[in-house]
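Student: A predicted structure for the sequence below; I have some questions about it.
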Amino acid sequence: MQKEKLFFPITILCIVAAFVFGFIYYYKNIQPIKSVLSKKDIVCGDMPLIEAIELARGSDCMDAGQLNEDLYVCSSDGKRIDISMDVTGEKEDICAASCYIYTDTKDTYLQWMCRGLLE
């Protein structure tokens, strides 16, 4: 009789534990892979987004701060990818920045957008 009373709660506990571990595994292992795969699939002009990110990482754009890889825009003609930057340092409060990657020449350009006077 005691075994029958414990069977149902233990079964429910095992199912909940399996769901929790599966959820944690998915978001730690599968979700980052999907994110990288999707950046390979996104193409602007003839350049994949992942290539534009690598070009930006190796350029003077990194002087502004960190790339915000989730905020990007492909120009309407497909010749430029704009990746937003998370600005750090002395310009953090008054400036925003974008890294422009030109798909045809693979050149990069850091575009500052500041408000007010810079000292």
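Tutor: Sure thing, it's come through.
Student: Flag the helix or strand of the protein with the lowest per-element mean pLDDT.
Tutor: helix 31-41 (a mean of 61; mean pLDDT, DSSP states H and E).
Student: C-terminal to it, what's the next element?
Tutor: The C-terminal neighbour of helix 31-41 among helices and strands, as given by DSSP states H and E, is strand 43-44.
Student: In terms of secondary structure, what does the next helix or strand after that following strand contact?
Tutor: Tracing the chain C-terminally past strand 43-44 and defining elements by DSSP H and E, one meets strand 47-48 next. Contacts defined by 3 or more C-beta pairs under 8 Å, 6 or more residues apart in numbering; DSSP states H and E place strand 47-48 against helix 31-41. Where C-beta positions appear, they are placed from N, C-alpha and C, glycine not excepted.
Student: mind running it again at 10 Å?
Tutor: Helices and strands touching strand 47-48, by 3 or more C-beta pairs under 10 Å, 6 or more residues apart in numbering; DSSP states H and E, are helix 31-41, strand 80-87.
Student: show me where pLDDT drops low in the chain?
Tutor: 1-4, 27, 29-40, 117-119 (pLDDT under 70).
Student: residue contacts, the closest residue to residue 74 other than its chain neighbours?
Tutor: In space, and not counting its chain neighbours, residue 74 is closest to residue 44: 3.6 Å by C-beta to C-beta, 6 or more residues apart in numbering. Going by C-beta atoms under 10 Å, 6 or more residues apart in numbering, residue 44 touches 51-52, 72-75, 77-82, 101, 103.
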